[in-house]
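Chemist: Take this sequence and fold it.
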Amino acid sequence: MQKLKLTLGKYFKMPSKELMLIYGISFALLIIVFSVLYFTVGRSLTAFVTDQKSFQIWLESYKNMSGVIFVFIRTFQTVIKIIPAEPLEIASGYVFGTWGGLALCSLGSFLGSLIIVLLSKLIGAKFISQFVNEEQFRRLSVINNRKNQRLFLLVFYLIPGTPKDLLTYVAGSLNVNLVEFFLITTIARVPSIITSTICGEQLEQKNFIVAAAVFITTAVVSLICTVIYKKSQNKRHCEH
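Modeler: Okay, the predicted model is just below:
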């Protein structure tokens, strides 16, 4: 345990008590705002998106702008997590088909991630620097070595259950090529999105058995990947 504390101490700093108080209050307020948004707006939006037929009728009322409206919703969902991603992805497959849904979800995820990185660079860099020893992080082989970095990003965003949003928020302050970051992470998200859009299209076509099979298979694979990831993380912590 002492060795783990020393290792973590190289990468994370303890800010002053005053800053800790300010950040603590800010974080608490942020949690309150997100909770209020979720319980007042998020649950209603989730229920609306989950009702694929109603969502389809609403989107189609915008005619040629329906795709643009959906991309805006997906972008908003990526930045502000008051709507779960999966129901929105299934709804996109229901309304736009497997490939149309994949394209629009991927575009929305890209734009949302871009906003997150820009915000973290403009606003959050000073905040992150209070807690993170960036010099030590840059010495990590996975950050410095471009080949390792690419593989790490691909695997990290490919495996379900990893804290993708957390890494997206800190990517702007690390030594990461942002063009490669967005390219790799967008591609890595495809398998997760496409299984949802396939499920949505099959639901629209009333192929309930196929939709259920896709959903169950995806859930099982996600669970297995999550367990493997958690075990590898625990093993790595024990080794250090």
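
Chemist: Point out the other helices and strands that the lengthiest helix in the chain packs with.
Modeler: Longest helix of the chain, by residue count under DSSP state H: helix 85-119. The contact analysis (3 or more C-beta pairs under 8 Å, 6 or more residues apart in numbering; DSSP states H and E) places helix 85-119 against helix 43-50, helix 52-60, helix 66-79, helix 164-171, helix 178-188, helix 190-204. Any C-beta I mention is one placed from the backbone N, CA and C, and that applies to glycine too.

Chemist: Go through these and pick out the most buried.
Modeler: Comparing the helices and strands packed on helix 85-119 by mean neighbour count (mean count of other C-beta atoms under 10 Å), helix 190-204 ranks first with a mean of 22.

Chemist: Next, the angle helix 164-171 makes with that helix.
Modeler: 140 degrees (axes from the mean of the first three to the mean of the last three C-alpha atoms, to 10 degrees).

Chemist: now helix 190-204 against helix 178-188, angle please.
Modeler: Using the same axes, to 10 degrees: helix 190-204 against helix 178-188 is 40 degrees.

Chemist: Now tell me what touches helix 190-204 from outside.
Modeler: 52, 56, 86, 89-99, 101-102, 105-106, 109, 158, 160, 208, 210-211, 214-215, 217-218 (C-beta atoms under 8 Å, 6 or more residues apart in numbering).

Chemist: Can I get the buried ones among the residues you listed as something I can paste into PyMOL?
Modeler: Listed next is the PyMOL selection for buried residues among the contacts of helix 190-204, using 16 or more other C-beta atoms under 10 Å:
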select buried, resi 52+56+86+89+90+91+92+93+94+95+96+97+98+101+102+105+106+109+158+160+211+214+215+218
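
Chemist: and the helices and strands packed on helix 85-119 as JSON lines, adding distance to I116 and mean pLDDT?
Modeler: Converted to JSON lines, these look like this (distance: least, C-beta to C-beta, whole Å; pLDDT from 0 to 100):
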{"stretch": "helix 43-50", "distance to I116": "20", "mean pLDDT": "81"}
{"stretch": "helix 52-60", "distance to I116": "25", "mean pLDDT": "91"}
{"stretch": "helix 66-79", "distance to I116": "6", "mean pLDDT": "91"}
{"stretch": "helix 164-171", "distance to I116": "5", "mean pLDDT": "71"}
{"stretch": "helix 178-188", "distance to I116": "11", "mean pLDDT": "86"}
{"stretch": "helix 190-204", "distance to I116": "18", "mean pLDDT": "90"}
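
Chemist: closest one to L154 among those?
Modeler: L154 sits nearest to helix 178-188 of all the helices and strands packed on helix 85-119, at 5.2 Å, using C-beta to C-beta.
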